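> sequence below, structure please.
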Amino acid sequence: MILLVLLHKGRGGGMSDMFGGGVSSSLGGSSVAERNLDRFTIGTGMIWFACVIALGLLKAY
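Have a look, this model is predicted:
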């Protein structure tokens, strides 16, 4: 999760510039790769959150 969040482009760039994100940002708009990274990060976060809740419920019983 931490790696996925760090790959996102922040206000001043971010680690995504290392992998070619800076080129697409100068052209305007978000690239397909950036949108896919957003979707993947949100999906992974939802799965992670569900696992945390499930483990908490399993530990309670």
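
> can you give me the strands for the protein?
With DSSP state E, there are no strands along the chain.

> flag the shaky bits of this protein, pLDDT-wise.
11-29 (pLDDT under 70).

> the helices in it, which residues?
2-7, 21-27, 32-60 (DSSP state H).

> any chance of those helices in JSON lines, plus mean neighbour count?
All C-beta atoms are positioned from the backbone trio N, CA, C, and that covers glycine. Compiled in JSON lines, those are given as follows (neighbours: other Cβ atoms under 10 Å):
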{"stretch": "helix 2-7", "mean neighbour count": "12"}
{"stretch": "helix 21-27", "mean neighbour count": "13"}
{"stretch": "helix 32-60", "mean neighbour count": "11"}
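
> separation between A60 and I53?
11 Å (Cβ to Cβ, to the nearest Å).

> actually I47, not the one I wrote
Going from I47 to I53 by Cβ to Cβ gives 11 Å.

> what do you get for L37?
Distance from L37 to I53, counting by Cβ to Cβ: 25 Å.

> also Y61?
Distance from Y61 to I53, by Cβ to Cβ: 13 Å.

> go on, K9?
Counting by Cβ to Cβ - K9 and I53 are separated by 30 Å.

> repeat for G45
From G45 over to I53 the distance is 13 Å, taken as Cβ to Cβ.

> same check on L3?
L3 sits 22 Å away from I53, going by Cβ to Cβ.

> same check, this time on T41
19 Å.

> what of M46?
Counting by Cβ to Cβ, the gap from M46 to I53 is 11 Å.

> please apply the same query to R35.
In terms of Cβ to Cβ, R35 sits 27 Å off from I53.

> kindly report the same for M1.
From M1 to I53 the distance is 15 Å (Cβ to Cβ).

> cool, and G10?
With Cβ to Cβ as the criterion, G10 and I53 are 28 Å apart.

> before we move on, what about I2?
For I2 relative to I53 (Cβ to Cβ), the value is 20 Å.

> wait, H8 touches F40, no?
No. Counting by Cβ atoms under 8 Å, H8 sits too far from F40 to count as a contact (10.6 Å).
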